[in-house]
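**Q** Based on what follows, work out the 3D shape:
(4 chains)
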2 protein chains.
Amino acid sequence: MPQGAFPATAPIEQVDVGEVIAARLRELLAEGKFVAGEQITEGSTAAAFNVSRGPVREAFKRLTQEGLLKSERNRGVFVPVLSVGDVEDNYLLREAVEGASLERLISRSNPAEYTRLGDLLDRFEQCLAEGAWDLADDLDLTFHKELVHAAGSRRLRHAFDSVIVETRMCLRALGFHHPEHPDMASWHRDILDAAVAGDAEGARRALRFHNATVLKDLRRSNEDTTTTGS
Amino acid sequence: MPQGAFPATAPIEQVDVGEVIAARLRELLAEGKFVAGEQITEGSTAAAFNVSRGPVREAFKRLTQEGLLKSERNRGVFVPVLSVGDVEDNYLLREAVEGASLERLISRSNPAEYTRLGDLLDRFEQCLAEGAWDLADDLDLTFHKELVHAAGSRRLRHAFDSVIVETRMCLRALGFHHPEHPDMASWHRDILDAAVAGDAEGARRALRFHNATVLKDLRRSNEDTTTTGS
DNA sequence: CAAGTGTACATTGCTGACAATCAGCAATGT
DNA sequence: ACATTGCTGATTGTCAGCAATGTACACTTG
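**A** Alright, predicted model coming up:
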């Protein structure tokens, strides 16, 4: 093309129906739109999305492998009933991946990433101050995600993206909302500060403390609800 | 059933064709039966297994998500071409999961598991002494797998089982065989010994050393082959 | 002969239909 | 009245076929 190149244009949106359905279901599950234990049939889902069962089937298989749905052969797929134990187990994997990402992030020490993450935390703290809980919740998620992405490992990122959806689904299913703890903001800041300082050990410790506190809160809040419920 | 209970019988083998195909392909890929970059079509695979394309499709999608195949929309799925960088990235995730498992294993401190793992290592060392490399390779894999399984975390196990298949495929694709290093046996023993002693930090260090050495060997061996090749 | 164009072939994406399986309930026999 | 059997409706598992897409190559045109 010697002259007058074709004007820049967005490529046509090529959608993989199965992937779209999986993404949409993931969202719905994370938002807690389904009740625990509920069965979701291929047929009804296909009808809802106005497609055949094929792509829906693919989406189900995928979500099942991610642990977001439970499948029983020749019976159907069900929304899992999640216990506090599940959240704890989920956090084991989550912390493993995020911790390794932190370490790698520090060893590569990219200032640009640090400022970006810092900006995220600024906005997060502002949301907390303003009481914009939902937005803060999103930013919390984004921070952790970006932290892992910044490590630059495809596989760590892939694993984390998968595990964090379950985290969210778990917490939502148990009626737990993040920003309930007053020290919320400082935990994240501690992690990032340690990373910027190149203190891998400290960053890991801060991350561990963050997670342990969330789990402790969750256990307490869960005990409250179960006792008041019965 | 008052008397004469029905004689014990194994339940009928209920197979999910897609799952079986995925497992078989996983095996073939780990064994390096496909050449890197090769295309694998749904049709030919379906014909080879004498089933329709449906289950094959599911298997492909699954393996793609596990990172064992690469899929291009409307083009087909291909055997990925793996670089040393891929192995390094794979080891990042692998070490994260195995390290977390080690930690949890230690904190739960189950003597029965330790003896079982010790027995595995005994057999492993014997194979090394006898020069039974293939069997040693298997036992090596089994040891790591059982180590993670012994941690008792469903999600850590699931993640590890997934990642280790890719490890194997990577190493095989790069023409690397494990038991080439003389200190092979002691590494594993160091990990287990530290775990038995309740030394989480030492176990992690031993694991890290083990992996770092494998990667170093790999980089060296790969440089050799590439230089001799060109 | 070079550059662009049109066509044929291969492969995936999706659909609708059929077969296998399962949980629950009614029918049957003791 | 109780246990077992057989049926029923629903759901998944599998299949073959059609449409959409992408690649390769021969063809036209300058």
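**Q** quick one: the longest helix along chain A near chain B?
**A** Taking DSSP state H as the assignment, the helix of chain A that covers the most residues is helix A:200-229. No. Looking at helix A:200-229 against chain B by CB under 8 Å from any CB of the partner chain, there are no contacts, and the closest approach is 10.4 Å. Any C-beta I mention is one placed from the backbone N, CA and C, and that applies to glycine too.
**Q** what's the average pLDDT for that helix?
**A** Mean pLDDT, helix A:200-229: 84.
**Q** Next, the buried residues of that helix.
**A** A:200, A:202-204, A:206-207, A:210-211, A:214-215, A:218, A:221-222 (16 or more other CB atoms under 10 Å in any protein chain shown).
**Q** and A:Val77, what element?
**A** According to DSSP states H and E, A:Val77 maps onto strand A:76-78.
**Q** Residues in contact with that strand: which ones?
**A** By CB atoms under 8 Å, 6 or more residues apart in numbering or on different chains, the residues outside strand A:76-78 that reach it are A:37-42, A:60, A:63-64, A:69-72.
**Q** Filter those down to just the ones in helices.
**A** Among the contacts of strand A:76-78, DSSP H puts A:Glu42, A:Phe60, A:Leu63, A:Thr64 in helices.
**Q** Give me the nearest residue to the last one, chain neighbours excluded.
**A** What sits nearest to A:Thr64 in space, not counting adjacent residues and going by CB to CB, 6 or more residues apart in numbering or on different chains, is A:Ser71, at 4.6 Å.
**Q** For chain A, which segments are assigned as helices?
**A** Counting by DSSP H, the segments of chain A that form helices are A:17-30, A:42-49, A:53-65, A:84-108, A:111-130, A:133-150, A:154-173, A:184-196, A:200-229.
**Q** worst average pLDDT in these?
**A** helix A:200-229 (a mean of 84).
**Q** how deep is A:Leu63 tucked in, by neighbour count?
**A** Counted with other CB atoms under 10 Å in any protein chain shown, the neighbours of A:Leu63 add up to 22.
**Q** If I look at the nearest residue to it once chain neighbours are set aside, what pLDDT would I see?
**A** Closest residue to A:Leu63 apart from its sequence neighbours, by CB to CB, 6+ apart: A:Leu69 at 4.5 Å. Here, the pLDDT recorded for A:Leu69 equals 96.
**Q** same question, A:Glu180
**A** A:Glu180 carries a pLDDT value of 65.
**Q** Now the buried members of the ones in helices among the contacts of strand A:76-78.
**A** Listed as buried from those are A:Glu42, A:Phe60, A:Leu63; burial here means 16+ other CB under 10 Å.
**Q** what sits against the last one?
**A** The one in question is A:Leu63. A:Leu63 neighbours (CB under 8 Å, 6+ apart): A:Ala22, A:Leu25, A:Arg26, A:Leu29, A:Leu69, A:Val77.
**Q** now those as CSV including distance to DNA strand C and neighbour count?
**A** Output for the contacts of A:Leu63, formatted as CSV (distance: CB to the nearest atom of the strand, whole Å; neighbours: other CB atoms under 10 Å in any protein chain shown):
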residue, distance to DNA strand C, neighbour count
A:Ala22, 11, 21
A:Leu25, 15, 22
A:Arg26, 17, 21
A:Leu29, 21, 23
A:Leu69, 17, 22
A:Val77, 14, 22
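**Q** Great, nothing more from me.
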